[in-house]
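Colleague: Dropping the sequence and predicted coords here.
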Amino acid sequence: MTAPTTSQPLTPAAPASSPSGLPAWAPAWAHRFGVTARSGTAAVFVLYGNTADLLPLDAQSEGYGPLANFLAEQAFGRYDIVLHYDLGRGLRVYAGSDGPRLAAMRERAAAIPMLDTLLQRAGLDAAVLVQGLDAVLRGNIMAAPEKRLRIALLVDHASFLFPSGEPGRQSFPAAGMLVTALNWASSPHFKALDMSIVLIDERRADINERLAGSPHVVALEIPLPDEREREAFLRSPACNGIEPASDYAIPQLATLTAGLTLTSVRGLVLPAVHGGERLTPKIFTEIKRRLIEQQCQGLLEFLEPKWGLDSVIGFEAAKSQFLEDARLLARGELDTLPMGYLLCGPVGTGKSFLAYCTAKEIGIPVVILKNFRNKYVGETEANLERVFAVLRAMGPIMVIVDEADTLLGDRDAGGDSGTSSRVFGMFATQMGDTRYRGKLLWMLLTARPDLLPIDIKRQGRAEVHIPLFYTHDSDELRRMFVVLARKTGTTLAPEDVPQIEAKGDLSGSDIEGMVVRAWRASRLSGSDRITREALAEVVRDFVPSAQSLERELQELAAVIECTDRRFLPPAQREKYDSDRGRARAQERFAEVQALLGA
């Protein structure tokens, strides 16, 4: 390596204003990064999460810019050369918005023949580039102490350079680049000298696990902005003029924009500032929901339920539990709330309807977790990372997971390269994190709770297990017809419901099906409501499902899973309280399971 020949001396290290070497106004994650870099703990870092967002570039939060600018100007503001690389733009010297410093860096870089060659060759093959950078960095190590340079390399979209995948399936050049990066990470000389390599990507799972998970590499998540950071941004010139154009004061907006990136916050307020359309509660809600769903790439869906718990017939103990928890939430007593609920019972008992009606009462945003699984390696875990980051920032929030037994994975699952077991581990870790008690309320819905891993169902995760059953009460049955007619969009007089004996063989979905058929027949006859005759004919001809063994299995599973006997209806509670009641239920469950298996 040739020593730099520049008229400007290298900038001497200045005393740090904090242990991290960063100004006090820098984000918390940046201080952790700075402390680790200055301590010599690691030379290679992976920054993931909210990496595409805006960051403050000065103490007054007047200017905002991308992550690379923040790193170049603040974290590596005293480095002699900062390099930036991505596959689209290639390698370049980078100083953020500091023009004079950029000129000095270019002069120093030009004095290093190998580095100058790499910078001049646009479109250079990535493997050749990494090999050349390795020569530059190792040459810097070999230089005399007084001629060594402080060098930082920022790699944006790092997963395109070091993609996830099994070593044996990678091309030889890709494997060579990965080994080179691992050598950088494990080198004691890199850690001892001021040389840092920062790999930046939104999704950690997309970066090769050999690298991101190496004990020599420090992986730091950049979280979504907190309330203080959002308020500072709303007061900055980037959002100038929002307060006169909004129904909300800036502190209110800072609170209500939880879960949004600063880029999304800007997208929320700028139409009101420049478009002339005032930011009303209705417009705010619509835009925020759309922005959150975009951030999560359609993996979350916000619920706007029309029906409350007063529309749910029966299940009085369950409704009481949810209403009590809603009151505790409203009072801010989050430490008294369960981590999650498990709604179980045979298909058609109204688990989804009960969950959606609870969403109207609970007083916090409620989202449905949609299918996040993907056929490509690493995509499923990356999707889940993104969703969890948004949920943590948005809390308190309720998350409904339908068909939970198929979605959450299993510790022992095989045949999918370990994806299901990793998904299970991510869910178990997040659901069991007591820092989010009352902030992330999980509601798992399944007809087969026995298929859920016990780790998910234990106390401290899905704590409250609520079983639902078909009704044995004829009055409840009659009221269900009336309510489900209203849900369908029509009316039905209670006296028009024929006498039906409740034998526990009609599900809520059976009743809704009969109501829809009767409504169809009534419309064909010219009536604007369900007629007594149409409903009577439908009820007379309706044949319930014959899957009695499957239903019994699901009922037994729900009884066995129940965590509070008050949730059981009288008939089930009597069996449960009898001699060896639960043990007998478990024995019968095994018998039915064997019969179905045969």
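Modeller: Nice, thanks for sending it over. Numbering: from 1, shown residues only.
Colleague: quick one: contacts for the residue nearest the centre of the chain?
Modeller: Nearest to the geometric centre of the chain sits V387, at 1.5 Å (CA atoms, centre = their mean). By CB atoms under 8 Å, 6 or more residues apart in numbering, V387 lies in contact with 296, 299-300, 369, 372. In short, each C-beta sits where N, CA and C put it, glycine included.
Colleague: Please enumerate the strands of the chain.
Modeller: Here the chain has its strands, by DSSP state E, at 44-49, 55-56, 64-65, 81-86, 90-93, 151-156, 195-200, 217-222, 300-302, 340-344, 366-369, 397-401, 440-446, 464-467.
Colleague: Most tightly packed of those strands?
Modeller: strand 340-344 (a mean of 27; mean count of other CB atoms under 10 Å).
Colleague: Pairing partners for that strand, with directions?
Modeller: strand 440-446 (parallel), strand 464-467 (parallel) (DSSP bridges).
Colleague: Let me know the average pLDDT across the longest one.
Modeller: When pLDDT is averaged along strand 440-446, the result is 94.
Colleague: May I ask you to confirm that I197 is in contact with V44?
Modeller: Yes: look at I197 against V44 with CB atoms under 8 Å: they come within range, at 4.7 Å.
Colleague: Residues in contact with the helix or strand of the chain with the lowest mean pLDDT: which ones?
Modeller: Within the chain, judged by mean pLDDT, DSSP states H and E, the helix or strand with the poorest mean is helix 570-577; its value is a mean of 80. Under the criterion CB under 8 Å, 6+ apart, residues 467, 469, 472, 504, 559, 562, 565, 568, 581-582, 584-585 lie in contact with helix 570-577.
Colleague: Could you check how far the residue nearest to the centre of the chain is from L369?
Modeller: V387 is 7 Å from L369, where distance means CB to CB, to the nearest Å.
Colleague: which residues are in contact with both of those two?
Modeller: 299-300.
Colleague: which ones are touching P569?
Modeller: Residues near P569 by CB under 8 Å, 6+ apart: 469, 472.
Colleague: That one and A502: what is the separation?
Modeller: For P569, the distance to A502 (CB to CB) stands at 11 Å.
Colleague: any weak-confidence spans in the stretch 401-550 of the chain?
Modeller: The model of the stretch 401-550 of the chain has pLDDT under 70 over residues 411-417, 546.
Colleague: What segments of it are helices?
Modeller: Per DSSP state H, counting those that start in this stretch, the stretch 401-550 of the chain carries helices over the ranges 404-407, 419-431, 454-457, 474-488, 508-524, 532-541, 548-561.
Colleague: among the ones you listed, which is nearest L115?
Modeller: Checking the helices of the stretch 401-550 of the chain against L115 by CB to CB gives helix 419-431 as the closest, at 39.5 Å.
Colleague: Poorly predicted segments of the stretch 251-400 of the chain, please.
Modeller: 375-378.
Colleague: re earlier: can you list residues touching both of I197 and V44?
Modeller: Residues touching both I197 and V44 (CB under 8 Å, 6+ apart) are 181, 184-185, 190.
Colleague: Out of the residues you listed, list just those in helices.
Modeller: 181, 184-185, 190 (DSSP state H).
Colleague: out of those residues, which are buried?
Modeller: Buried members of these, counted by 16 or more other CB atoms under 10 Å: 181, 184-185, 190.
Colleague: What separation do you get for M142 and S311?
Modeller: M142 sits 76 Å away from S311, going by CB to CB.
Colleague: More neighbours: those two, which one.
Modeller: S311 (17 against 9; other CB atoms under 10 Å).
Colleague: ok, back up a step: could I get the strands of the chain in a markdown table, plus columns for distance to P453?
Modeller: Putting those into a markdown table (distance: least, CB to CB, whole Å) gives the following:
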| stretch | distance to P453 |
| --- | --- |
| strand 44-49 | 27 |
| strand 55-56 | 39 |
| strand 64-65 | 43 |
| strand 81-86 | 40 |
| strand 90-93 | 47 |
| strand 151-156 | 37 |
| strand 195-200 | 33 |
| strand 217-222 | 25 |
| strand 300-302 | 23 |
| strand 340-344 | 12 |
| strand 366-369 | 17 |
| strand 397-401 | 13 |
| strand 440-446 | 11 |
| strand 464-467 | 14 |
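Colleague: Nearest to L253 among these would be which one?
Modeller: Using CB to CB, these put strand 64-65 closest to L253, at 16.6 Å.
Colleague: What is the nearest of the contacts of V387 to A95?
Modeller: C296 (34.6 Å).
Colleague: Is the closest one in contact with V390, as I believe?
Modeller: Yes: with contact defined as CB under 8 Å, C296 and V390 form a contacting pair (5.5 Å).
Colleague: which residues sit in contact with T255?
Modeller: E227.
Colleague: try P396
Modeller: When contacts are counted by CB under 8 Å, 6+ apart, P396 touches 329, 334, 364, 438-441.
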